[in-house]
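Visitor: what follows is a predicted structure for the sequence shown.
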Amino acid sequence: MNSPQLQRGVFLALLAVVTVAFLWVLMPFFGAVLWGVSLAILFTPLYKWLLRKMRGKPNAAALSTLAICLVIVILPLAMIGVSLVQEVALVTQSIRSGQINFAAYFQQILAATPQWLLNLVERFNLGDAAAWQARISTIAGQGSQLIASQALAIGQNTFDFVVSFFVMLYLLYFLVRDGASLSKTMRDALPLAKPHTHYLLNKFTTVIRATIKGNVAVAVAQGALGGLAFWFLGVQGALLWAVLMAFLSLLPAVGAALIWGPVAIYFLATGHFWQGGILIFVGVFVIGLVDNILRPVLVGKDTQMPDYIVLMSTIGGMAIFGINGFVIGPVVAALFMAAWSLFADSGHVGTGHEKPADEAEDGRHHGQHGGQHKGQHKG
């Protein structure tokens, strides 16, 4: 009865159960683990450089890396977050008091709209102006209530955030220090051919590094430029709109135009032509060029994914996982494409009919990694 096949089956079942249970235990810290792993991948090159400078002192190099990460990433984000909460409170109060009235802004745009365009809108049954104005008023009221409730929720969840934050820092220290050995252990444990395991893990780290480095750089640049333009033009709540533009810029091909576009239309419709002209110029030729130049260089070039895949995976990831999805979505898409690329190039993986490892790694979908794998295989 106690055959080797039975023992293996029971062991695999036990392995699956404890793995699922462990992931279930980690779920409350899902965001902390995700960002700890992501920041470790991003700052590992810095750790290796510091390790060489400190003559092989891993603890000191890891602590220095953690301190640099705090100074250049986490502390600025915390300062912006505190300022943003204050800005949200002011804007919410202005909306409730009527100082910011989106329905009135819409009415001003309608008053400046040519009659032929209004007739065209009515001809296509897009609704009359009064209905749209009432709808905008309702949406603005609901939006202010949502913002206020989210701000209250953030305040109530401060303890959870602080705990997750310190878990992330604690995890980041060990992942930076012991990341190489952990990666080797994972490569040895995965039941895949070694070249395939190496390629998939390389793809995972490359996509995370490119997504965070590229998307965050583009988001910060676009949000900062848009916020400065709004501040210069006297738009109330410039910091809030800057953060919204930065957040929306995580979506390729959509981006910050969803914020600055309506404001530019309002300026033009209300006779503020030079303000509208400046905002359109900045939006198209400055903010737009940042997206068109930086994103392909920092994201698409490294991930080797088409723009439409990046767009759909980012939107889908954020719809499922929230803000964490802008990392998870592209990573899942990249691993999906990489796994199917290996399957197509290697025949049926695991059947004994695969191509040689160096031949598979030199496939057309991942040619730039082939030389690395070939050299490691020979070594």
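Guide: Here it is on my side, so go on.
Visitor: what sits against the closest residue to Trp231 other than its chain neighbours?
Guide: Spatial nearest neighbour of Trp231, chain neighbours left out: Ala238 (4.1 Å); criterion: Cβ to Cβ, 6 or more residues apart in numbering. Backbone N, C-alpha and C define where each C-beta goes, glycine included. Contacts for Ala238 were tallied using Cβ atoms under 8 Å, 6 or more residues apart in numbering; they are Gly227, Leu228, Phe230, Trp231.
Visitor: keep only those of these that are in strands.
Guide: Under the assignment DSSP state E, the contacts of Ala238 contribute nothing to strands.
Visitor: could I get those residues as a markdown table with neighbour count, pLDDT and distance to Asp188?
Guide: Converted to a markdown table, the contacts of Ala238 look like this (neighbours: other Cβ atoms under 10 Å; pLDDT from 0 to 100; distance: Cβ to Cβ, whole Å):
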| residue | neighbour count | pLDDT | distance to Asp188 |
| --- | --- | --- | --- |
| Gly227 | 23 | 90 | 48 |
| Leu228 | 14 | 92 | 50 |
| Phe230 | 23 | 90 | 53 |
| Trp231 | 15 | 90 | 54 |
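Visitor: nearest to Leu342, of those?
Guide: When the contacts of Ala238 are compared for distance to Leu342 (Cβ to Cβ), Gly227 wins out at 43.6 Å.
Visitor: quickly find the element holding the nearest residue to the closest one once chain neighbours are set aside.
Guide: The shortest distance from Gly227 to any residue other than its chain neighbours is 2.6 Å, reached at Ala242 (Cβ to Cβ, 6+ apart). Element membership of Ala242 [criterion: DSSP states H and E] is helix 238-248.
Visitor: now do the buried residues in stretch 323-337.
Guide: For stretch 323-337, a neighbour-count test (16 or more other Cβ atoms under 10 Å) marks Asn324, Gly325, Phe326, Val327, Ile328, Gly329, Pro330, Val331, Val332, Ala333, Ala334, Met337 as buried.
Visitor: now pLDDT too, for these, in TSV please.
Guide: Below are the buried residues of stretch 323-337 laid out as TSV (pLDDT from 0 to 100):
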residue	pLDDT
Asn324	82
Gly325	83
Phe326	80
Val327	84
Ile328	87
Gly329	86
Pro330	84
Val331	87
Val332	89
Ala333	87
Ala334	85
Met337	86
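Visitor: doesn't Leu200 make contact with Lys194?
Guide: No - using Cβ atoms under 8 Å, Lys194 is not in contact with Leu200, being 10.9 Å away.
Visitor: please identify which of the two sits among more neighbours.
Guide: A direct count of neighbours by other Cβ atoms under 10 Å for Lys194 and Leu200 places Leu200 higher, at 17 against 14.
Visitor: isn't that one right next to Ser341, touching?
Guide: No - look at Leu200 against Ser341 with Cβ under 8 Å: they stay out of range, at 10.1 Å.
Visitor: give me phi/psi at Gln236?
Guide: According to degrees, to the nearest 10, the main-chain angles of Gln236 amount to phi -70, psi 140.
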